[in-house]
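> Whatever this is, show me its structure:
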Amino acid sequence: MAMRENVQRGKEPLQGMFPDVADIFTQIDYNKSTRRCFYPQVELLNEIHAAYPHATFVLNRRNVTDWVSSVTRWRDMHRRIARCNITGFPAPSAGTSLDERLEMFYEEHIRRVRDFAERHPSHRLIDFDIYSENAGRMLHDAFGIDEGCWGQRNANPPKIKL
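Numbering: from 1, shown residues only. As a prediction, this is how the structure comes out:
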């Protein structure tokens, strides 16, 4: 929420947040309820570009069906996303399930980030499939981290179908 407030006040998105402490920001969205949710990685791409024209973006992808399953199992996130008024999230329509709308949103977000990076070549885009055997190597090559650091850390239990 602080990033949105910064931009609304004419400041850089990350101004005043972790000064001189962090070079990397991940999981920058906030989604606790429909009244308190914001996705700067969707809503503020242009503002992030203006303030940080040489920032590196990491686009970690997975199979769209697996992504929908994951957000469905993570603390009702699928419903919170649907109620959050995020740019690009499809409005409800007859015959379209929430899962289908989530899939459309996910695929559009991937396209949008790739298009953004192509339009703004000053940014480096690290675009990888999290299931790839080479994911750790790609992160090592991009950031110099030990490729053994890559792995799944917050596995959700399988979705139970009744």
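
> hey, which helix or strand in the protein has the poorest pLDDT?
Every helix and strand of the chain was ranked by mean pLDDT, DSSP states H and E. The lowest is strand 30-31, at a mean of 80.

> Parallel or antiparallel, which strands does it pair with?
The pairing partners recorded for strand 30-31 under DSSP bridges are strand 37-38 (antiparallel).

> what about the strand it pairs with, distance to the chain center?
Distance of strand 37-38 from its chain centroid, counting by Cα atoms, centre = their mean, to the nearest Å, is 12 Å.

> quick one: the residue lying closest to residue 63 once chain neighbours are set aside and residue 60, what's the gap?
Using Cβ to Cβ, 6 or more residues apart in numbering and skipping residues adjacent in sequence, the residue nearest residue 63 is residue 131, 7.3 Å away. Quick note: C-beta positions are derived from backbone N, CA and C, even for glycine. Residue 131 is 10 Å from residue 60, where distance means Cβ to Cβ, to the nearest Å.

> what do you get for residue 30?
19 Å.

> Ok, residue 25 next?
Distance from residue 25 to residue 60, by Cβ to Cβ: 14 Å.

> who has more neighbours, these two?
residue 25 (16 against 13; other Cβ atoms under 10 Å).

> Tell me who's in contact with the more buried one.
14, 17 (Cβ atoms under 8 Å, 6 or more residues apart in numbering).

> For it, give me the pLDDT.
Residue 25 carries a pLDDT value of 75.

> ok, now how distant is it from residue 122?
18 Å.

> same deal with residue 69?
35 Å.

> quick one: which of the two has more around it?
Shown here are residue 69 and residue 122; by other Cβ under 10 Å, residue 69 has more neighbours (18 against 10).

> Tell me how far that one lies from residue 47.
Distance from residue 69 to residue 47, by Cβ to Cβ: 32 Å.
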